[in-house]
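**Q** Using only what follows, build the 3D model:
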Amino acid sequence: MPDTTTANGKRRPLVMGNWKMNGRLARNEALLTELKAGLASGFDAIDVAVCPPAPYLGQASKLVAGSAITYGAQNLSTEQDGAYTGEVSSGMLTDLGVKWVLVGHSERRSLYGETDETVAKKTQVALEAGLIPVVCIGETLEERKTGDTEVVLARQLDAVLPVLGSQPASAFVLAYEPVWAIGTGLTATPEQAQEVHRFLRDRLASSGYAQAQEARILYGGSVKAANAGELFAQPDVDGGLVGGASLVANEFIGIAKGAVASLGA
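**A** Numbers count the residues shown, from 1 in each chain. Next comes the predicted model:
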């Protein structure tokens with residue numbers, strides 16, 4: 001497992017690109033070639049990863065070889081083998097050298113009906129396989145308007161705490177996704193992001209999790225190069241889960257630069 005802290009004791013930022021259902025062979029090669037060149041030096045203090053669609057994981061593994069870029073999957077099954085057409089198991093992902101896997105992304109919850117219980121099961125399956133789950137939680141605009149942000153986040157986090165509680169901080173990542181800020185162009189202010197991230201870290205600690213201060217919590221709501229530095233400078237924001245901007249090399253590199261800069265904040 002990677003160390004979650006830097007030499008000066010700060011949590012090591014993670015910048016992760018979620019390509020969602022985007023990409024083609026030629027486009028992926030061009031993007032990853034640009035990223036490899038742009039991230040070739042000066043980024044040793046942070047972790048950088050991309051999560052392409054499952055058919056392109058093999059391609060990504062070859063293209064990022066020898067670089068600081070790692071790669072992850074966008075989803076996994078709760079099952080290992082069997083009559084589950086279209087599913088991808090944790091064993092298949094480890095065969096491909098996958099390091100990270102997104103679990104409970106807001107689109108999986110809203111479009112495919114994944115429940116808190118399903119997310120907890122997938123988190124457990126990922127951990128048992130040696131994958132690092134990036135557990136996504138977040139509230140909708142309606143839930144935020146009604147003042148239920150903390151209620152929703154507490155419920156989602158509490159569902160996975162029995163699975164995470166015995167794990168070292170390096171074994172998992174949390175990602176806060178304000179659903180109202182995904183793909184809308186809206187972004188939580190740095191202060192709003194910090195408030196939620198602090199709440200999540202405090203919730204971890206109050207649950208009895210001893211390494212709450214070492215656990216990494218990413219922000220995942222319309223992160224761009226222009227706002228990354230401010231967001232990542234917040235004391236409890238440890239990098240970003242990046243959507244659309246991760247498909248543009250200069251943007252993603254700019255976000256990574258913001259993560260590096262945050263270490264001096």
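
**Q** Where does residue 197 fall, secondary structure wise?
**A** Assigned by DSSP states H and E, residue 197 falls within helix 190-206.

**Q** which residue ranges form the strands in the stretch 101-250 of the chain?
**A** Assigned by DSSP state E, counting those that start in this stretch, the strands in the stretch 101-250 of the chain fall at 132-137, 173-176, 216-219, 239-242.

**Q** Pipe those into TSV and attach mean neighbour count and mean pLDDT per row.
**A** Where you see a C-beta, it was placed from the backbone N, CA and C, and this is true even at glycine. Output for the strands of the stretch 101-250 of the chain, formatted as TSV (neighbours: other CB atoms under 10 Å; pLDDT from 0 to 100):
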stretch	mean neighbour count	mean pLDDT
strand 132-137	26	98
strand 173-176	26	98
strand 216-219	26	98
strand 239-242	30	98
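
**Q** want to throw the ones you listed into JSON lines with distance to residue 94?
**A** JSON lines is the format used below for these (distance: least, CB to CB, whole Å):
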{"stretch": "strand 132-137", "distance to residue 94": "12"}
{"stretch": "strand 173-176", "distance to residue 94": "18"}
{"stretch": "strand 216-219", "distance to residue 94": "21"}
{"stretch": "strand 239-242", "distance to residue 94": "22"}
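
**Q** got the contact list for the residue lying closest to residue 67 once chain neighbours are set aside?
**A** Excluding the flanking residues, the one nearest residue 67 by CB to CB, 6 or more residues apart in numbering is residue 36, at 4.7 Å. Residue 36 makes contact with 63, 64, 67, 69 under the criterion CB atoms under 8 Å, 6 or more residues apart in numbering.

**Q** Out of the residues you listed, which end up buried?
**A** Neighbour counting with 16 or more other CB atoms under 10 Å marks 63, 64, 69 as buried within those.

**Q** pretty sure the second one is in contact with residue 70, am I right?
**A** Yes: the pair residue 64 and residue 70 qualifies as a contact (CB atoms under 8 Å) at a distance of 7.0 Å.

**Q** Give the intersection of the neighbour lists for those two.
**A** Residues touching both residue 64 and residue 70 (CB under 8 Å, 6+ apart) are residue 50.

**Q** ok, back up a step: check the offset of the host helix or strand of the residue nearest to residue 67 from the chain's centre.
**A** Take DSSP H and E as the rule and residue 36 turns out to sit in helix 25-38. Distance, stretch centre to chain centre, for helix 25-38: 20 Å (CA atoms, centre = their mean, to the nearest Å).

**Q** Would you mark the buried spots in it?
**A** For helix 25-38, a neighbour-count test (16+ other CB under 10 Å) marks 28, 29, 31, 32, 35, 36, 38 as buried.

**Q** what's the neighbour count on residue 11?
**A** Neighbourhood size, residue 11 [other CB atoms under 10 Å]: 22.

**Q** With adjacent residues omitted, what lies nearest to it?
**A** In space, and not counting its chain neighbours, residue 11 is closest to residue 238: 4.8 Å by CB to CB, 6+ apart.
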